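Peer 1: Turn this into a structure:
(chains A and B)
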Number of protein chains: 2
Amino acid sequence: MSVRIVMVETTHPGNIGATARVMANMGLTQLCLVSPRSFPDPAATARAAGADHILEQARVFDSLEAAVSDCGCVIGATARRRSLAWPLLDAEQAAARLVSEQQSIDCALVFGPEACGLSNAHLDLCHAHLRIDVNEAFPSLNVATAVAVMAYEFRKQSDLAASESAVQSTEEVAPMTMGEFDQLMSHMERVLSNTAFLSGPKTKLLRKIRRLLLQGVKSTQEVNILRGVLTSLEYALGISQKQPQKRAQNNSNTPT
Amino acid sequence: MSVRIVMVETTHPGNIGATARVMANMGLTQLCLVSPRSFPDPAATARAAGADHILEQARVFDSLEAAVSDCGCVIGATARRRSLAWPLLDAEQAAARLVSEQQSIDCALVFGPEACGLSNAHLDLCHAHLRIDVNEAFPSLNVATAVAVMAYEFRKQSDLAASESAVQSTEEVAPMTMGEFDQLMSHMERVLSNTAFLSGPKTKLLRKIRRLLLQGVKSTQEVNILRGVLTSLEYALGISQKQPQKRAQNNSNTPT
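Peer 2: Residues are numbered from 1 along each chain as shown, chains lettered A, B, ... in the order given. Below is the predicted model:
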């Protein structure tokens, strides 16, 4: 499996090039761009300084959801300290987690726009948040510099892990992908919107549920169990006929 | 004491600005520039993104010797694996050494020109060399990225050292500065040039001696002892009258 770097709504193409360069330096190859302002761009190519293969293979997406839909571990960079109790990792911890998780599933490390970083909506899509420790008096890290620190730390932690005797994973369960998780959350929201539960301040509640589930649910099997619960709730609530086509699609992976 | 970043013959002022920014991010403040192509420069200011105080306080020198003359620990970055048996440190080792050494003396971390890195002559001025581990297939690190990795690792190692209980240094000797070492080497070369020892391939021999002494000599007192030996050799060789004025200057610190 692999670790991809995802850059969300990057403003300066030079930062995309600088990111490609340091990815190549550190042995990372997969770059995903979510709605970049300008790409391809000569400034990106210039700053890549020869890492053209990274830029040529870069994939462009319309949304972060799409960019990480096949990933099982998504870590988003933030300059903020936590607002909710999302796991907050430092650079070494985040790198170590990616090294560990990528043994079984694709991973993504996500960086936000230069001016404002990842939004709460973006951060909610992540399993954990990353905060690189910086001087409080001058905390604004360039996005390519942040990628550099993480690419360096990832390479370092990979080497450490490799130098320890490789421990064989005994897990046989298929790890949950973000696409499966998104379908689960959509399903749940659809069900809950038919209950009094979501009559209050909806967003905040769903966010807490997302957080809770994202930390807890690890496998496709567990997703399917929850989807089964939701399906049976739909029938019990008498709403299963409301969206028959979507339901059929969404239920294709759930146990019969 | 402190750690300074020294950039030698930097070609692109943008790299100076990017370096200033990440220094500010990571809590470093002292930037020294040896013969930069253009400084101050609007491109440096732009890329500094507000770290103007670093640029304004940056000191410009004509030579690396001058930039590190008051330092007791100088580490130079190189992309090469060793040619001679100079100590070669990785990023973490170099950072840890700087954290340790700066408790008693000023330190310098030196980065070379973009196109070719530090020359052998520059590297010979260093106590140890730094090689950041990179992908062999794409090893060319941007100089500001290299500074970023080291500034990050230095901050990390500083925090680690601070979190351990502070161990009080029991050393009472004054550590050698690079200025003292340079005077010692000049003195030795002057003496040896009057012997058969330097009739062969001079540079290589002197380089080996420099390396040997740089690893071994730690204190001003030890420098003075060696200077005393050299002075007595000069008299014994009958060459002490050849450069009376210089000798007087250089001997001002030696024991009488």
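
Peer 1: any idea how far A:S104 lies from chain B?
Peer 2: Counting by CB to the nearest CB, to the nearest Å, the gap from A:S104 to chain B is 24 Å. To be clear about C-beta, it is placed using only N, CA and C from the backbone, and glycine gets the same treatment.

Peer 1: where does that residue fall, helix, sheet strand or coil?
Peer 2: coil (DSSP: H, G, I helix; E, B strand; the rest coil).

Peer 1: where does it fall, phi/psi-wise?
Peer 2: phi -120, psi -10 (degrees, to the nearest 10).

Peer 1: Could you find the closest non-adjacent residue to it?
Peer 2: Among residues not flanking A:S104 along the chain, A:P175 sits closest, at 5.4 Å (CB to CB, 6 or more residues apart in numbering or on different chains).

Peer 1: Test my guess that that neighbour contacts A:G72.
Peer 2: Yes: with contact defined as CB atoms under 8 Å, A:P175 counts as touching A:G72 (4.4 Å).

Peer 1: In terms of neighbours, single out the busier of those two.
Peer 2: For A:P175 versus A:G72, neighbours defined as other CB atoms under 10 Å in any protein chain shown are more numerous around A:G72 (25 against 20).

Peer 1: overlap in contacts of A:P175 and A:G72?
Peer 2: Both A:P175 and A:G72 are contacted by A:S104, A:I105, under the criterion CB atoms under 8 Å, 6 or more residues apart in numbering or on different chains.

Peer 1: Now the residue most central in space within chain A: phi and psi?
Peer 2: Centroid-nearest residue in chain A, with CA atoms, centre = their mean: A:V74, separated by 2.8 Å. Torsion angles at A:V74 (phi, psi; degrees, to the nearest 10) stand at phi -120, psi 120.

Peer 1: who's it bridged to?
Peer 2: Beta-bridge partners for A:V74, by DSSP bridges, are A:A108.

Peer 1: Show the model's pLDDT score for A:F181.
Peer 2: pLDDT, A:F181: 87.

Peer 1: any idea which element it lies in?
Peer 2: Using DSSP states H and E, the element containing A:F181 is helix A:178-192.

Peer 1: Same check on A:A151?
Peer 2: Going by DSSP H and E, A:A151 is in helix A:143-163.

Peer 1: and that helix, which residues are buried?
Peer 2: For helix A:143-163, a neighbour-count test (16 or more other CB atoms under 10 Å in any protein chain shown) marks A:143-158 as buried.

Peer 1: which helices and strands sit right next to that helix?
Peer 2: strand A:3-8, helix A:13-26, helix A:91-101, strand A:107-111, helix B:13-26, helix B:91-101, helix B:143-163 (3 or more CB pairs under 8 Å, 6 or more residues apart in numbering or on different chains; DSSP states H and E).

Peer 1: Quick check, A:R227 in contact with A:H187.
Peer 2: Yes: assessed by CB under 8 Å, A:R227 is found in contact with A:H187 at 6.0 Å.

Peer 1: how close does A:V229 sit to A:S186?
Peer 2: In this view, A:V229 and A:S186 are 15 Å apart by CB to CB, to the nearest Å.

Peer 1: related to what we said a few turns ago, which of the buried residues of helix A:143-163 sits closest to B:L88?
Peer 2: Using CB to CB, A:K156 comes nearest to B:L88 of the buried residues of helix A:143-163, at 16.4 Å.

Peer 1: ok, that closest one touching B:D133?
Peer 2: Yes: using CB under 8 Å, A:K156 is in contact with B:D133, at 7.3 Å.

Peer 1: Up against chain B, what does the stretch 101-250 of chain A have?
Peer 2: Applying CB under 8 Å from any CB of the partner chain, one finds that the stretch 101-250 of chain A approaches chain B through A:132-135, A:137-142, A:144-145, A:148-149, A:152-153, A:155-156, A:159.

Peer 1: Might you report the residue contacts of A:K156?
Peer 2: Contacts for A:K156 (CB under 8 Å, 6+ apart) come out as A:A95, B:A91, B:E92, B:D133.

Peer 1: From the residues you listed, pick the one nearest A:T19.
Peer 2: A:A95 (16.2 Å).

Peer 1: Mind pulling the model confidence for the residue of the stretch 151-256 of chain A found nearest chain B?
Peer 2: Nearest residue of the stretch 151-256 of chain A to chain B (CB to the nearest CB) works out as A:Y152 at 4.7 Å. The per-residue pLDDT reported for A:Y152 equals 98.

Peer 1: now the residue lying closest to it once chain neighbours are set aside: how far from B:A95?
Peer 2: Sequence neighbours aside, B:V149 is the residue nearest to A:Y152 in space, at 4.7 Å (criterion: CB to CB, 6+ apart). Going from B:V149 to B:A95 by CB to CB gives 9 Å.

Peer 1: and if you look at A:T145?
Peer 2: 17 Å.

Peer 1: Surely A:P40 and A:L55 touch.
Peer 2: Yes: A:P40 is within contact range of A:L55, at 6.7 Å (criterion: CB under 8 Å).

Peer 1: Would you mind confirming that A:M178 makes contact with A:D70?
Peer 2: Yes: between A:M178 and A:D70 there is a contact under CB under 8 Å: 7.2 Å.

Peer 1: Mind checking which of these two has more residues around it?
Peer 2: For A:M178 versus A:D70, neighbours defined as other CB under 10 Å are more numerous around A:M178 (25 against 14).

Peer 1: would you list the helices and strands packed on helix A:143-163 in TSV and tack on distance to B:A79?
Peer 2: Converted to TSV, these look like this (distance: least, CB to CB, whole Å):
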stretch	distance to B:A79
strand A:3-8	23
helix A:13-26	11
helix A:91-101	23
strand A:107-111	26
helix B:13-26	16
helix B:91-101	13
helix B:143-163	9
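
Peer 1: For A:L212, find the nearest of those.
Peer 2: helix A:91-101 (18.8 Å).

Peer 1: on contacts alone, who are the packing partners of that closest one?
Peer 2: Short answer (3+ CB pairs under 8 Å, 6+ apart): helix A:91-101 packs on strand A:73-77, strand A:107-111, strand A:128-130, helix A:143-163, helix B:143-163.

Peer 1: For A:P13, which residues are in contact?
Peer 2: So A:P13 contacts A:P36, A:R37, A:S38, A:F39, A:D41, A:P42, A:A43, A:A44, A:R47 (CB under 8 Å, 6+ apart).
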